[in-house]
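*Asks:* Build me a structure from this.
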Amino acid sequence: HDSVPAGRQTGHSKPWEADHWGARVTKGRRAAALLLLAAAVGLAALGQTYFFHRREYLWDGVVFHGCAVLCFLLAWRLSRPPQRRAARRRSFRLDAWLRRRPVPAVLMVVGLFLSYVASMLSQDRLQDHGTGDVVALWVMGVAAVGLAALWPASWPPPHPRDWTRRLREVRRETWLEVGTVAGLTVLAFVLRVAALGSVPYTLGGDEAWHGQLARQVLAGELRNPFSLGYMSMPTFFYWPLSWSLWLVGNSMVGLRLPAALAGAATVPALYLFARDLWGRRTALLGAVYLATYDYHIHYSRLGANNVWDPLFVVLTLWALERGLGSADELTQARSFILAGLIMGLSAYFYTGARLLPLLLAVYLGYLWVRKCFRPSRAEVLGETDLTGPRWHLLLLLLLAFLVAAGPMLGYALTHPNEWNARINQVGIIQSGWLAREPGLTGKSTAQILSEQFLRSAGAFHVFPDRTVWYGADRPLLGLLAGAFTVLGMGWA
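*Replies:* Down below sits the predicted model:
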């Protein structure tokens, strides 16, 4: 049963033996689904062939992709796995959680208070001003919230002998899975760290700036991690970068090592996220692909903070999904607090992480709409609560996010122009590019926006990379990977 996420499987039926709400799936339907799936893969590969090698017939490729998506959706509909029968779930209520978990509740309040004080103290500090008191308060606040998430369900916590006994009871298949993921992580790290000082052979301008600012941290010239530096990026990033330079040496390897570590860590994080959603097989395929994906490897070998975004996004979504998929109130609260902390920490790295709260809002909105219009059989029979106050869990997530991101958000509120400088520079609306382009090209604003959307949507499988950071003469994904991407986008 490795295709069904652990903890979510009920019964012993296979995916092709039951359709929606338990109806049997005949062998004929299964055979038709397999034929449609084969046709979908073939048509998608044919469409990619047109995109890659016959670009003068681009619309033919679009037609093939459309037919591929249609076949894929029909195949999925014919072989739908059993509807997950949700366990009887008590709605999470904040007041009940506060009564049963007074210590974590107090820790949350303490963490919020410490982060607020740190935010107030850091607002008027310049980059060369000492911030030891602010950092200490912030670290204690984040630690308090982290401890609230990890606080044991009962006290005293389990004896170490109990943990030893539990480890002995772990099945062989689980140890094999752990070993496989560990091996993939090591492979990902090796691919990202081998010849790190010479590949890429040039030191990019952004890398050089990051290295100079990390040196300023070591020299004591840059002392405030809660401000903005090069390209309006948070200065917090230069502290782990400076630690790497201090440990490894003042070299390109020292400058690029944190990115390699972050890139390798994204592989097991993706495995955990995909495993909870789609099972071990899909998670393994995704982890293998990411570990060997050339584009991700390249950005993991640069002394920049871009590659940290995927790590934070995957970890946040994994924690959120664990909370949403659990029937245990303690796991729900822990997962949402953890998601808020990770999302808050992402604010101190690359600018793109600012979209993570919006991504979470869209994802939660999608789940809410799907739940309203497509209730499961268990919900229809009254076995779960459709109107549970999930906003209590969202409140915990928000509090944890504010604690982790507090000083950075406080700086953004008092320095909005500096906070938005990079977005104002490159945003198509903020920079005035969209207002100028109709007059320069003769195209309407709607046409320009549609072209921008198609360029973004097709960056992975249609249009070659136009940036200078990688500069591949193909889309970001290869021909075959792009074909599967089209099917996934159509299904989504």
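*Asks:* in stretch 254-270, what counts as buried?
*Replies:* 254-270 (16 or more other CB atoms under 10 Å). In this view, the C-beta of every residue, glycine as well, is placed from N, C-alpha and C.
*Asks:* who touches the helix or strand where Leu364 lies?
*Replies:* Per DSSP states H and E: Leu364 is located in helix 356-373. Here helix 356-373 makes contact (CB atoms under 8 Å, 6 or more residues apart in numbering) with 312-313, 316-317, 320, 324, 339, 343, 346, 379, 386, 394, 401.
*Asks:* what's the farthest-apart pair in the residues you listed?
*Replies:* Across the contacts of helix 356-373, the longest distance by CB to CB is 33.1 Å; it joins Ser346 and Glu379.
*Asks:* more neighbours, these two?
*Replies:* More crowded of Ser346 and Glu379, by other CB atoms under 10 Å: Ser346, with 25 against 15.
*Asks:* contacting residues for the more buried one?
*Replies:* Trp308, Asp309, Phe312, Val313, Thr316, Ala353, Leu356.
*Asks:* how deep is Gln452 tucked in, by neighbour count?
*Replies:* Neighbour number of Gln452 under other CB under 10 Å is 14.
*Asks:* got a list of what it touches?
*Replies:* Ile428.
*Asks:* From Phe460, how far off is it?
*Replies:* The gap separating Gln452 from Phe460 is 15 Å, by CB to CB, to the nearest Å.
*Asks:* lowest confidence element among the helices and strands of this protein?
*Replies:* For the chain, using mean pLDDT, DSSP states H and E, the weakest element among its helices and strands is helix 377-380, scoring a mean of 44.
*Asks:* Next SSE downstream of that one?
*Replies:* Past helix 377-380, the next helix or strand by DSSP H and E is helix 391-414.
*Asks:* Can you give the distance of that following helix from its chain's centre?
*Replies:* 18 Å (CA atoms, centre = their mean, to the nearest Å).
*Asks:* cool, and stretch 354-369?
*Replies:* Distance, centroid of stretch 354-369 to centroid of chain: 12 Å (CA atoms, centre = their mean).
*Asks:* What are the buried residues along that stretch?
*Replies:* Leu356, Pro357, Leu360.
*Asks:* Stretch 468-479 too?
*Replies:* Pro475, Leu476, Leu477, Gly478, Leu479.
*Asks:* Same check on stretch 421-433?
*Replies:* Here stretch 421-433 shows Arg422 as buried, counting by 16+ other CB under 10 Å.
*Asks:* ok, residues contacting it?
*Replies:* Leu228, Met231, Ser232, Met233, Thr351, Asn420, Leu434, Gln452.
*Asks:* Of the residues you listed, which is the nearest to Trp469?
*Replies:* Closest to Trp469, out of all of these and judged by CB to CB, is Met231, at 13.8 Å.
*Asks:* what angle separates the helix holding Leu364 from helix 391-414?
*Replies:* Angle of helix 356-373 versus helix 391-414, following axes from the mean of the first three to the mean of the last three CA atoms, to 10 degrees, is 150 degrees.
*Asks:* And the average pLDDT for helix 356-373 is what?
*Replies:* Averaged over helix 356-373, pLDDT sits at 85.
*Asks:* can you check stretch 427-437 too?
*Replies:* 91.
*Asks:* Disregarding flanking residues, what is the spatial nearest neighbour of Leu112?
*Replies:* Val403 (5.5 Å; CB to CB, 6 or more residues apart in numbering).
*Asks:* Oops, could you answer that again for Leu311 instead?
*Replies:* Thr266 (4.6 Å).
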